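>>> my questions are about this predicted structure, shown below with the sequence.
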There are 2 protein chains.
Amino acid sequence: MESKKLRIVDIARLAGVSTGTVDRVLHNRGNVSKAIEARIRAIIEQLGYEPNIIASTLGSNKKYKLAALIPSFEKDPYWEGPYNGICEGEQEFAPFELSVDSYFFHLESSDSFLQQSERVLQAKPDAILMAPVLLRESLSFFQKCKAAGIPFALFNTDVPSEDALCYIGQDSFQSGLLAGRLMSYSINQGGRVALIHIDEDLDNSPHLVKKEEGFFQFFGQKAYQHFKPERYIIQSGTGSGLEAQLTDIIDKKEALCGIFVTTSRAYRIASALESLSPKPSVVLIGYDLLHKNLQYLEKGLIQFLINQNSHGQGYWGIVHLAEFLLYKRVPDKRKYLPLDIITLENARYYPAL
Amino acid sequence: MESKKLRIVDIARLAGVSTGTVDRVLHNRGNVSKAIEARIRAIIEQLGYEPNIIASTLGSNKKYKLAALIPSFEKDPYWEGPYNGICEGEQEFAPFELSVDSYFFHLESSDSFLQQSERVLQAKPDAILMAPVLLRESLSFFQKCKAAGIPFALFNTDVPSEDALCYIGQDSFQSGLLAGRLMSYSINQGGRVALIHIDEDLDNSPHLVKKEEGFFQFFGQKAYQHFKPERYIIQSGTGSGLEAQLTDIIDKKEALCGIFVTTSRAYRIASALESLSPKPSVVLIGYDLLHKNLQYLEKGLIQFLINQNSHGQGYWGIVHLAEFLLYKRVPDKRKYLPLDIITLENARYYPAL
DNA sequence: TTACTTATCGTGTGCGCACACAATATGTGT
DNA sequence: ACACATATTGTGTGCGCACACGATAAGTAA
């Protein structure tokens, strides 16, 4: 027979004190003599008491309020993923009187970030989940959080910080390696391969650089010397259009046979490729299940997408913060989410954007 | 300002009755006049009352007991996945006074299944999660569950049944299609490709047949006519050894360039390939992250593994049953889990076996 | 009418915990 | 001895719900 779960009253009885005293010990509220505290702690330790979280949330009328500081997805549908994940996490913990308020800032606007981060602090949440895509601004925000004693978790961009509770996201280097592998399988005779950044602020985007390093490292292996990886940066706003710049890349002495786009914007390359004639035969690998990407996956213009699991990043961010608050469970510093490989055949099983 | 969550007392007050009456309506306990019941239901409907699950589990002292009827993983490590997932699900719902007992049967033993299924019924669980790998025996067990009024969910093998609450697992046909796709990418010049069943009872394994259909359908597309898929069944116990049978398959007029193994036993083919000399250059695609498979993935003898997400099957099975019991949430009849594509670069992010 | 069922409804207690507050013990100074 | 401050401990109430049980109303037979 299994012994009944022990309760605070059981411990109190065993220690020869009242439940109030045990409660004070459990919550480090002080006002307990050292002798009795030690006795109670010993019993808790030995019998392995674990509080009943259900009764606890019911008994304390505490409501937990989380804040999510994330990019708006008006311009870039990628960011709808984390938001959906955050909502899912919120739902899961709603019975525990936990709610999440989302604050959206514009990706390219430092002002917008500052403004929203200020609103977050004013709301005095119990914890914060944020995407530190703006490096400098985020670092100073970290300080404010620390000063205010508010724990915070990061996702999407791994900004090393002692103060952050944890980071949730992909391992960007490994992600680049994987892209290399997929490229090598799809073009097994070798040839010219291009890595393309589109409209990115590389100085402020360490994760993109990591992807790049992984990609080139893969083709640095001696088994893959017959591949010739090249690196391009395209600014769609400047000079000639995207098609023209792409044509320049493709039409060299040796034909290009593979393109790796480091962000979710592969659809723009696919679109450009589609409009060229004759349509070049190029393997295209990109990121994330944006509807536009999926369209080109169906058309056969994109061969592989690597899913950065943006949904999961939001979801796990909330889960880790919630468990930290509710169960005092300290998460691992880094939670790496899977790098899902997507083709036409399995795309339907992953959340699209 | 957001209105307070409404409680049973609120409804009672609005309806001009006591909480006891509202409670009777909520739980269909009868003994309520039709007029008042209608009034209460109208209020519940309009105001969108939702019971506080926390207070509910605390108030009712009900303990839920689930049973998992699953293959033992002594012989086949694949089955450790569902078990681990079941344990994870159990942990998640432990605060809600829900526990899971696992009953293991031997894959090849009908007797063992009958015996364990009998134990399950005697334990009178509130719901059952099972892997109906033994078709006939499972069907008769379904009847017993139905007679006993115990809801049951299925995973791994999709045995259509009106009585089952739901099925959790992969879409086997789609899985075969995916294998075809991966094969086509890895060998883009085409050639002889073999689908191999190893030691399987195909008559009793409809999901393997589905995979086969998907695989052949993929190569039936006119874009892939340069592939010549062939079908083989290997019985390692009979006649010549596995190596010999494999050699027969490989050494025909035209060389074999791809092998698709329909189960988690690709490592056996890899092992055989390794021992042949000269080592043939063959693309090998299999299933699941068994440690043995991962070893050959590292050695480069296996190119792709498709993860059947056995862990997730157990986990979601428990989650669906728990939510059904706790929240009366009726799950979708079919929950298809992702077909994860695994290479050396992303294997570490998925649970191994 | 009374006595007695039966249908319907209200009340009280407990689940395990958190927390405010009351109660007691201990110590100090006069 | 006293009053009083401080340290320590105990008690009571409520969180929202489930459920047993008691209470009341309505109906029936005598």
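It's in. Numbers count the residues shown, from 1 in each chain, chains lettered A, B, ... in the order given.
>>> pull the number of nearby residues for the residue lying closest to A:Glu88 once chain neighbours are set aside.
Leaving aside its sequence neighbours, A:Glu88 sits nearest to A:Tyr315 (Cβ to Cβ, 6 or more residues apart in numbering or on different chains; 5.3 Å). Backbone N, C-alpha and C define where each C-beta goes, glycine included. For A:Tyr315, the tally of surrounding residues (other Cβ atoms under 10 Å in any protein chain shown) stands at 24.
>>> A:Gly180 now?
A:Gly180: 27 neighbours (other Cβ under 10 Å).
>>> mind checking if the helix or strand where it lies is in reach of chain B?
Assigned by DSSP states H and E, A:Gly180 belongs to helix A:172-186. Yes - applying Cβ under 8 Å from any Cβ of the partner chain, one finds helix A:172-186 touching chain B at A:Gln174, A:Leu177, A:Leu178, A:Arg181, A:Leu182, A:Tyr185, A:Ser186.
>>> what's the first helix or strand after the worst-scoring helix or strand of chain A on mean pLDDT?
Least confident helix or strand, chain A: helix A:242-250 with a mean of 70, by mean pLDDT, DSSP states H and E. Once helix A:242-250 ends, the next helix or strand along the chain (criterion: DSSP H and E) is strand A:256-261.
>>> where does the stretch 51-200 of chain A come near DNA strand C, residue by residue?
By the rule Cβ under 7 Å from any atom of the strand, the part of the stretch 51-200 of chain A lying against DNA strand C is A:Pro51, A:Asn52, A:Ala55, A:Ser56, A:Leu58, A:Gly59, A:Ser60, A:Lys62.
>>> next, the contact list for the residue nearest to A:Glu88, please.
A:Gly85, A:Ile86, A:Glu88, A:Gly89 (Cβ atoms under 8 Å, 6 or more residues apart in numbering or on different chains).
>>> could I get those residues as CSV with pLDDT and neighbour count?
Shown next, in CSV, are the contacts of A:Tyr315 (pLDDT from 0 to 100; neighbours: other Cβ atoms under 10 Å in any protein chain shown):
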residue, pLDDT, neighbour count
A:Gly85, 96, 25
A:Ile86, 97, 23
A:Glu88, 95, 16
A:Gly89, 95, 24
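>>> closest one of those to A:Ser275?
Nearest to A:Ser275 among the contacts of A:Tyr315 is A:Gly85, at 34.6 Å by Cβ to Cβ.
>>> check the contacts of A:Tyr315 against DNA strand D, which are close?
Within these, nothing lies near DNA strand D by Cβ under 7 Å from any atom of the strand.
>>> from those residues, which two are the most distant?
Using Cβ to Cβ, the contacts of A:Tyr315 reach their maximum pairwise distance at A:Ile86 and A:Glu88, which is 7.3 Å.
>>> joint contacts of these two?
A:Gly314, A:Tyr315, A:Ile318.
>>> with pLDDT as extra columns, can I get the residues you listed in JSON lines?
Converted to JSON lines, those look like this (pLDDT from 0 to 100):
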{"residue": "A:Gly314", "pLDDT": "97"}
{"residue": "A:Tyr315", "pLDDT": "97"}
{"residue": "A:Ile318", "pLDDT": "97"}
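>>> for chain B, what are the nearby residues on the stretch 201-350 of chain A?
Within the stretch 201-350 of chain A, the positions lying close to chain B (Cβ under 8 Å from any Cβ) are A:303, A:336-346, A:349-350.
>>> ok, back up a step: farthest pair within the residues of the stretch 51-200 of chain A next to DNA strand C?
Checking those with Cβ to Cβ, the most distant pair is A:Asn52 and A:Lys62, at 15.3 Å.
>>> for stretch A:46-65, give the mean pLDDT please.
Stretch A:46-65 shows a mean pLDDT of 92.
>>> buried residues, that stretch. List them.
A:Tyr49, A:Asn52, A:Ile54, A:Ala55, A:Ser56, A:Thr57, A:Leu58, A:Tyr64, A:Lys65 (16 or more other Cβ atoms under 10 Å in any protein chain shown).
>>> ok, for the last one, nearest residue in space, not its chain neighbours?
Right, the one you point to is A:Lys65. Spatial nearest neighbour of A:Lys65, chain neighbours left out: A:Pro125 (4.9 Å); criterion: Cβ to Cβ, 6+ apart.
>>> isn't that neighbour right up against A:Ala68?
No - assessed by Cβ atoms under 8 Å, A:Pro125 is found out of contact with A:Ala68, at 9.2 Å.
>>> overlap in contacts, the two.
Residues touching both A:Pro125 and A:Ala68 comprise A:Asp101, with contact defined as Cβ under 8 Å, 6+ apart.
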